[in-house]
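Enquirer: build me a model:
(chains A, B, C and D)
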2 protein chains.
Amino acid sequence: MEQKVTLKELARLLNLSVSTVSKALNDSSEISAQTRSRVKQLALLNNYVPNGMAQSLKNNKTKTIGVVIPNILPSFFTKALHGIESTAAKAGYKIIICISNESTEKEEESLRTFLSGRVDGIILSLAKETQQTKKLDHLKRIIDYGIPLVFFDRISDELSCDSISIDDKKIAEKATDEMHQTGCRNIIYLSTIFDTSVDLQRQNGYTISQAKRRAEPYILHIKDYAVFQERLLPVISEKCVDGILAADELSAILTMRTAIKNGYKIPEDISVIGFTNGFMGEHFLPSLSTVNQHAEEQGKMAVETLISRLKDENTDPVKHVLDTAIIHRESTRTPVSFLKNV
Amino acid sequence: MEQKVTLKELARLLNLSVSTVSKALNDSSEISAQTRSRVKQLALLNNYVPNGMAQSLKNNKTKTIGVVIPNILPSFFTKALHGIESTAAKAGYKIIICISNESTEKEEESLRTFLSGRVDGIILSLAKETQQTKKLDHLKRIIDYGIPLVFFDRISDELSCDSISIDDKKIAEKATDEMHQTGCRNIIYLSTIFDTSVDLQRQNGYTISQAKRRAEPYILHIKDYAVFQERLLPVISEKCVDGILAADELSAILTMRTAIKNGYKIPEDISVIGFTNGFMGEHFLPSLSTVNQHAEEQGKMAVETLISRLKDENTDPVKHVLDTAIIHRESTRTPVSFLKNV
DNA sequence: CTGAAAGCGCTTACAG
DNA sequence: CTGAAAGCGCTTACAG
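Expert: Predicted structure coming up:
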């Protein structure tokens, strides 16, 4: 096992001072070209790697971003994390990741460790519990401390921070409109992530669309995937449901499973549109028509926004709202095919 | 924006020395109970959080684990990461994650940043390219530097490190045996992750099973999902394939899609067994019978193994091989139903 | 062009 | 029981 080589050791070997070695490695113009290359050569030879902790302590920056997400398993967050990681890596930032598990307490805990100067800034998507209870003190503390914070997807408008999100309301309205245009007359909204900011927006858009046709909105909240089928099935038959807007990918998939297993045809009997463009929906049979939630793009923009914030602290918060679209696949009828059927 | 309070500041406010304050906060028995509580109270009042960089520099430990995975999107790695994060969090460790994107170069780069004393130890699953080319210098360097390294899933036997994996060979053999027992006579092995350690083992187990019945093994390697169907379909019809062991979840799903879309019935015409117990396989119609790859468990054990290694450097490397099982769902016939059909 | 000194925020032997 | 001093590995104003 090699002994880890430090500046001091390098200086000793070169008969130079630590300061000179440091400057040489950092390509300071103060140092002669000859010395610079001599130093660098020896550093290379000895596999010198500067100690990041010491650098961070001195420079007061860590080149590290803290990321807090509610859950890593849903493909939206997996993909967002992917976008975050690759964008951060390209810009020379490492990421520390914490999963809040939808709990405010764990979210607080994660943020507490970020208070210790371990990260330059934070990217966060709020836990369900935090959005339900609106307890935001731990987030305010971060802001008070002056650590830049960027929200994505599940954002808060009460805090003055940068944020990235999609226009959930508008796209939910559009999705509902479209289902109606292809013949659906009893469209319901189904959600397992109720009381999150995104859920509220989507519900809103759905309700607006229904109101345009004086159709009664019907919101189905299912708390636990374990009772999915027994909650959904009676609603389908009692309400003669022929269109379902599902607020998350797994709900959409389980909706299709439930429907198909019980003799309904998709999209002929029931149209389904989901949120999040994940692999599950993409490869299911029938493949899922879905709102493109721009997971990777949101992650990417969150990093970019954070990095510009790191450079320029004093501009106003930027609230990015991404435009989005529906990806049409097999779980919805096309306007054309619907017209042919009429 | 509050000014960040340091030990020095606390000491000034309390009229004590920095050393005393530090010891008091660390509950040193050297300090009187009274002083201790006085210090702690003020620290709490001022939201004092010790600077982690300074502590790390001094203590030479970071309470951070570096994680390198080839790709975050396949559910095996998502789940493994989930296991890693939750286990690490419970033990008070943060995790820095790097994605190698299956490339040796990015793997090297990630490890380089870990050389800078940012992490206490590393958990890694090898990139496909690294396993193909067997370039292991960057990993040897980590070991030489004395940074504890734990492999999981895609491991290397050439390096003397702790590792966690499942017995891929044994379970692949069993899966093939089972398909044969339920009537499959032309079983092929299909992989998109060829030349990884896990692929080789699985291939091995499959070949052994085939050899027991003097059946010719047939290995289908598909490099690109884009040509999946056009590569698979001719093989199915020419070889009269009635059983497919697919080395990864997505391949298994695409196999089922391809088969069903072309008029084959699953499992009546073709049985399919996949690897990785992911959501996609669980919820597909028909649901996928699959080897339980123990993703979360592997992640958990990797962390536990690393943490014990951190405590005790000098014991021999431990190679954990987890026992595993097949989760029987709808994509395979049961032995019973097969017997009834005869 | 090079180096001595101070300091980032901590911890910990050592002295009193 | 408390504090002064050294030091973790760097960087950077300042002096020469």
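Enquirer: domains for chain A, by residue range?
Expert: Domains of chain A are assigned by automatic domain parsing as A:7-50, A:61-165+A:295-322, A:168-293+A:327-341.
Enquirer: what's the average pLDDT for the shortest one?
Expert: Read it as domain A:7-50. Computed over domain A:7-50, the mean pLDDT rounds to 91.
Enquirer: is it up against chain B anywhere?
Expert: Yes. Domain A:7-50 comes into contact with chain B (CB under 8 Å from any CB of the partner chain), by way of A:N47, A:V49, A:P50. For glycine as for every other residue, the C-beta is placed from the backbone atoms N, C-alpha and C.
Enquirer: so which of those wins on neighbours?
Expert: The most crowded member of the residues of domain A:7-50 next to chain B, judged by other CB atoms under 10 Å in any protein chain shown, is A:V49 (18 neighbours).
Enquirer: out of everything not next to it in sequence, what's closest to that residue?
Expert: Of all residues not flanking A:V49 in the chain, B:L115 sits nearest, at 4.3 Å (CB to CB, 6 or more residues apart in numbering or on different chains).
Enquirer: stretch A:265-277: which residues count as buried?
Expert: By neighbour count on 16 or more other CB atoms under 10 Å in any protein chain shown, the buried set for stretch A:265-277 is A:I266, A:P267, A:I270, A:S271, A:V272, A:I273, A:G274, A:F275, A:T276, A:N277.
Enquirer: which of the residues you listed fall within strands?
Expert: Among the buried residues of stretch A:265-277, the members falling in strands (DSSP state E) are A:S271, A:V272, A:I273, A:G274, A:F275.
Enquirer: out of these, the closest to chain B would be?
Expert: Set against chain B, the nearest of these by CB to the nearest CB is A:G274 (12.4 Å).
Enquirer: the closest one and DNA strand C, how far apart?
Expert: Distance, A:G274 to DNA strand C, by CB to the nearest atom of the strand, to the nearest Å: 47 Å.
Enquirer: follow-up on the earlier one: closest one to B:I72 among the domains of chain A?
Expert: Closest approach to B:I72 among those (CB to CB): domain A:61-165+A:295-322, 5.2 Å.
Enquirer: the closest one: end-to-end distance?
Expert: End-to-end distance for domain A:61-165+A:295-322, by CA to CA, to the nearest Å: 30 Å.
Enquirer: keeping just the C-alphas, turn the helix or strand encompassing A:A43 into CSV.
Expert: Secondary structure from DSSP states H and E places A:A43 in helix A:33-45. The C-alpha trace of helix A:33-45 is given here as CSV (Å, rounded to 0.1, in the frame of the first residue of the first chain):
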residue,chain,number,x,y,z
ALA,A,33,7.5,27.3,-16.9
GLN,A,34,10.4,25.1,-16.1
THR,A,35,9.5,24.6,-12.4
ARG,A,36,5.9,24.1,-13.3
SER,A,37,6.7,21.2,-15.6
ARG,A,38,9.2,19.7,-13.1
VAL,A,39,6.6,19.8,-10.4
LYS,A,40,3.9,18.3,-12.6
GLN,A,41,6.1,15.5,-13.8
LEU,A,42,6.9,14.5,-10.3
ALA,A,43,3.3,14.8,-9.2
LEU,A,44,2.2,12.5,-12.0
LEU,A,45,4.9,10.0,-11.2
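Enquirer: counting by contacts, list what that helix packs against.
Expert: Helices and strands touching helix A:33-45, by 3 or more CB pairs under 8 Å, 6 or more residues apart in numbering or on different chains; DSSP states H and E, are helix A:7-14, helix A:18-25.
Enquirer: those helices into TSV, with extra columns for distance to B:D312 and mean neighbour count?
Expert: TSV is the format used below for the helices and strands packed on helix A:33-45 (distance: least, CB to CB, whole Å; neighbours: other CB atoms under 10 Å in any protein chain shown):
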stretch	distance to B:D312	mean neighbour count
helix A:7-14	28	16
helix A:18-25	35	19
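Enquirer: in TSV: the ones you listed, plus distance to DNA strand D.
Expert: Shown next, in TSV, are these (distance: least, CB to the nearest atom of the strand, whole Å):
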stretch	distance to DNA strand D
helix A:7-14	3
helix A:18-25	3
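Enquirer: out of the ones you listed, which is closest to B:G92?
Expert: Once the helices and strands packed on helix A:33-45 are compared by CB to CB, helix A:7-14 is nearest, at 30.6 Å.
Enquirer: so A:I155, which state does it fall into?
Expert: Recorded secondary structure, A:I155: coil (DSSP: H, G, I helix; E, B strand; the rest coil).
Enquirer: for it, which non-adjacent residue is closest in space?
Expert: A:S163 (4.2 Å).
Enquirer: quick check: phi and psi at that neighbour.
Expert: Main-chain torsions, A:S163, degrees, to the nearest 10: phi -150, psi 160.
Enquirer: what residue in the stretch 101-250 of chain A comes nearest to chain B?
Expert: Per CB to the nearest CB, A:S116 is where the stretch 101-250 of chain A lies closest to chain B, at 3.8 Å.
Enquirer: what about the residue nearest to A:I155, neighbour count?
Expert: 26.
Enquirer: A:K319 is in contact with that one, correct?
Expert: Yes. With contact defined as CB atoms under 8 Å, A:S163 reaches A:K319; the gap is 5.1 Å.
Enquirer: who touches both of these two?
Expert: Taking CB atoms under 8 Å, 6 or more residues apart in numbering or on different chains as the contact rule, the neighbours common to A:S163 and A:K319 are A:I155.
Enquirer: and A:V119, which of the three is it?
Expert: coil.
Enquirer: tell me the centre residue of chain A?
Expert: With distances taken as CA atoms, centre = their mean, A:A80 lies nearest the centre of chain A, 4.2 Å away.
Enquirer: now the strands for chain A?
Expert: Taking DSSP E as the criterion, chain A carries its strands at A:64-69, A:94-99, A:121-124, A:149-152, A:162-166, A:187-191, A:219-221, A:243-246, A:271-275, A:289-291, A:319-322, A:326-327.
Enquirer: distance of the residue in the stretch 151-300 of chain A positioned nearest to DNA strand D from A:V18?
Expert: Closest approach between the stretch 151-300 of chain A and DNA strand D, counting by CB to the nearest atom of the strand: A:D162, at 26.5 Å. With distances taken as CB to CB, to the nearest Å, A:D162 is found 40 Å from A:V18.
Enquirer: and if you look at A:I307?
Expert: 31 Å.
Enquirer: also A:H294?
Expert: Counting by CB to CB, the separation of A:H294 from A:V18 is 48 Å.
Enquirer: and the residue nearest to A:V49, what does it touch?
Expert: Contacts of B:L115 (CB under 8 Å, 6+ apart): A:N47, A:V49, B:R141, B:I142, B:Y145, B:I147.
Enquirer: and the fifth one, its phi and psi?
Expert: Meaning B:Y145. Backbone torsions for B:Y145, taken as degrees, to the nearest 10, come to phi -70, psi -10.
Enquirer: same check, this time on the second one
Expert: In this entry, A:V49 is assigned phi and psi values of phi -130, psi 120 (degrees, to the nearest 10).
Enquirer: residue contacts, it?
Expert: B:R112, B:L115, B:S116, B:G117.
Enquirer: try 10 Å
Expert: Going by CB atoms under 10 Å, 6 or more residues apart in numbering or on different chains, A:V49 touches A:K4, A:V5, A:T6, A:A43, B:R112, B:T113, B:F114, B:L115, B:S116, B:G117, B:R118, B:Y145.
Enquirer: over to the third one?
Expert: Residues touching B:R141, when contacts are defined by CB under 10 Å, 6+ apart, comprise A:E2, A:N47, B:E108, B:L111, B:R112, B:L115, B:I147.
Enquirer: in helices only, show me the residues you listed.
Expert: With helices taken from DSSP state H, the overlap with these comprises B:E108, B:L111, B:R112.
Enquirer: how many neighbouring residues does the last one have?
Expert: Looking back up the chat, that one is B:R112. Neighbour count for B:R112, taken as other CB under 10 Å: 14.
Enquirer: give me the pLDDT value at it.
Expert: Here the pLDDT value assigned to B:R112 is 91.
Enquirer: surely it touches B:I147?
Expert: No. Look at B:R112 against B:I147 with CB atoms under 10 Å: they stay out of range, at 11.7 Å.
Enquirer: picking up where we left off before, identify the farthest-apart pair in the ones in strands among the buried residues of stretch A:265-277.
Expert: Farthest-apart pair in these is A:S271 and A:F275; separation 14.7 Å (CB to CB).
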